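1. here's my sequence, what's the structure:
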Amino acid sequence: MWRSTIYCRINTITSSIDTITSSIGGCLVAVFGRRAMNGFHRGCGRWVTLGVGFLAAIGAGLVLSAPVIGQQSCVDYSSDPAGCQPSTFDTPIGQMPSVRVNREGKLDPMSSEDDARAGAAKLEKDLHLFRNFEHLHWVVTVPSEKDSSSGAWKGGDLDASGDGRGLGIGGNCIFVGHGNGPGRKHAVNIFRIQENPEKQPPVQVGEIPAMFEGNEGFDDRELRSLVYKTSRGEDRYILVRNAGTNTIGRMETYRIDMNTCLPLAKSEITDFHAQSHEFFLWHDPANNNRVLVYMTNWSGGLPDPEHPGLKVPDAIVLAVTDEDTGELLPKAKMLAGFSLQEVGGPPIDERPDPTGLFSDGRFLDFSHLKSLAGQPGNFQNREQNRLHSLSVTPDGERVYVAGTTAGFYVLDSEAVAHHRDAELASGTAGCNQRSTIVSSDGGIDPSKLSQLANDCVHMVINNDPGLKAFLASSASDRAKAERYLVLLTRSRFDVYPPVNALPTGTHSAVFVPDRPAQVRGNTKGRPAYVWVTDENGGCPLNYARMISVESEITPIMVGAFSIPDNALDECIGQAITEPNGQPRRRVAQQNHNPTVFKNMVFNTWYGHGLRAIDISRPETPREVGYALTIPHGIARTYPVFKDGLIYWVDNRTGLHVARYTGPRSNELPGAGSGVYEGNATSPHQ
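-> Prediction:
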């Protein structure tokens, strides 16, 4: 027996062996016999350092090369529990059927449910689509229908024709929403988690009818559940539902029976008069009765019919429970609003104009490049500035905002956290309920700048003592406006432009818990980092970024993570056929929603599945696991952790349940720990 360090590279594989799998020193090497295979694992085509006691070469086509100095992709950091990891998994799109399969994993619209499930499981294993995850359950939320003339199944999750949207979990109840539209009104599924959730899949126990207007059903974009005790010690369970169309946004809140998971009562509808999009459910640590919704409006800036002369805010804070009793309010109360444009940020939907404020060529242009499907590369020539998503610290004093092409920024919400709902709703809290409007017709009104710090929700830059002193000085109005705009711009981390951002840009912003900033003055233990995702369609695609908020008024990027399709040549050459050669349906590939722990991120990445990322070293996030389901779908929702298991909804294939088994799995919440998710105060019951 001998020991050495070997640098190895797979140069050619000419044998007929389809797959060689080796696990040496904690590094999985998966080598597929056909190099042309779209899903060749990039981590196995690079140099890897392996400490071994022996080397076995299989097949005449396996060639070992001498090491190249400085070329090394797998580093075993000292005392790092993640150890040596392969490179980020390159999704084998061309090998992943995007429709129903049979028991052999071949495309077959007539296969039975049992055969379709067996074939999907076979392909998930053969293509190595689960690493450090165990796929426990695939739960159908939209059943298939059989065509009486052809015998083919269609329209359901097993056919990758589902329409999954929001996911809410609380107690032992699961709520799954759907994308609807003209003539389509799928109800919200209600499932119950069984006694042995690892062995027994969730079982459906009811439905909540679709919201609709005329013949058009609303998309149930977001669902959030919360179990809590009132000040009288009584258990309460609420479900908040945000649904709508491209122009409509409405919210309802339900009281849920904890035993049956069925609704007992519901609030009146709140109409946002815009496309409400995502929301954060915040539970006040100082008052168990108090639950707030921080709602984002994708089409903020439209006229507000309930407040003539004003516009719909980008973000709205609402109370959904009675702060004195903990009971469901008959109708949600608006407490505060914020709009970036009104405080001097980029104009909403800014387009090229002759003033030079926005001009063609500002964004990188890849439109001359065409994918295999003929789709041009990314290009845009406008600044949309639409608030997309946000997260709220447990104490309620900070809001971390994903503002699409306005980037990432931080809001101060201390007034909302520490005033009573009654005061905020009536305007007697001593702060401005809405953003002070300092920007009008592209100009700044310097006389109003000093009022911004007294808005109930405002940019943290307005707290800066230096800025406050300057605005109170005898400096000219022009100097005050210029200084404010410079500081306001610096207080946003923004890569748009030059990076393209179709259709969204900065999508989610979730703070890293249990890692407070170590800077002087952080007496409240505020987070040091925020995980920010992009949602860019087209090509090239998008990143996830680690943002330092150690200086809240000057956030900076300290690390980034991407998938192989971020590379231009990868996404341009993305497969457009099924494994049998027939044209495949397009599967969106964007980054989407993260749930974040101290050292780990679990990130749904649409067609690239669920990714597990080690962030113990914020500067160098590393993938340590992934879960991609068959048929090829669109992993969408914030992954929800419930008693050690992970639940997520796929746009096309329904509800999935898995267990993470990789590095740092021992650090994650286990049985009895409650519910963790990226868009609600966590843990909750």
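2. going forward, measure contacts and count neighbours with C-alpha atoms only.
-> Noted.
3. for the spatially most central residue of the chain, give me its contacts.
-> For the chain, residue 593 is the residue whose C-alpha lies nearest the centre (Cα atoms, centre = their mean; 1.0 Å). Going by Cα atoms under 8 Å, 6 or more residues apart in numbering, residue 593 touches 507-508, 533, 603-605, 636-639, 678.
4. the same query, at a cut-off of 10 Å, please.
-> 389, 507-510, 532-535, 602-606, 610, 635-639, 677-679 (Cα atoms under 10 Å, 6 or more residues apart in numbering).
5. do residue 647 as well
-> 137, 167-169, 174, 637-641, 655-659, 677.
6. tell me the bridge partners for it.
-> Beta-bridge partners recorded for residue 647 (DSSP bridges): residue 640, residue 657.
7. report the buried residues of stretch 540-560.
-> By neighbour count on 16 or more other Cα atoms under 10 Å, the buried set for stretch 540-560 is 540-550, 552-557, 559-560.
8. just for this structure, where's the confidence low?
-> In the predicted model, the chain carries pLDDT under 70 at residues 1-78, 357-358.
9. show me where it has its helices.
-> Secondary structure of the chain (DSSP state H): helices at 113-126, 414-418, 421-426, 465-471, 477-490, 568-572.
10. I'd say residue 102 and residue 153 touch.
-> No. Contact between residue 102 and residue 153 fails when scored by Cα atoms under 10 Å: they sit 11.8 Å apart.
11. overlap in contacts, these two.
-> Looking at what touches both residue 102 and residue 153 (by Cα under 10 Å, 6+ apart), the common residues are 108-113.
12. can I get these in CSV with neighbour count and distance to residue 664?
-> Output for these, formatted as CSV (neighbours: other Cα atoms under 10 Å; distance: Cα to Cα, whole Å):
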residue, neighbour count, distance to residue 664
108, 18, 39
109, 19, 40
110, 18, 42
111, 20, 39
112, 17, 39
113, 17, 35
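13. return the member of these nearest to residue 184.
-> residue 109 (22.6 Å; Cα to Cα).
14. return the residues in contact with the closest one.
-> Residue 109 touches 99-102, 116, 146, 150-154, 158-159, counting by Cα under 10 Å, 6+ apart.
15. now the buried members of the residues you listed.
-> Looking at the contacts of residue 109 with 16+ other Cα under 10 Å, the buried ones turn out to be 99-102, 116, 152-154, 158-159.
16. among these, which are located in strands?
-> When DSSP state E defines the strands, the subset of the buried ones among the contacts of residue 109 inside them is 153-154.
17. which of the buried ones among the contacts of residue 109 lies closest to residue 397?
-> residue 158 (44.0 Å).
18. the closest one touches residue 117, doesn't it?
-> Yes. With contact defined as Cα under 10 Å, residue 158 reaches residue 117; the gap is 7.9 Å.
19. list residues touching both of the two?
-> 100-101, 111, 138, 630-631.
20. mind picking the two most distant members of the residues you listed?
-> 111 and 138 (16.8 Å).
21. run the chain-centre distance for stretch 584-602.
-> The chain centroid and the centroid of stretch 584-602 are separated by 6 Å under Cα atoms, centre = their mean, to the nearest Å.
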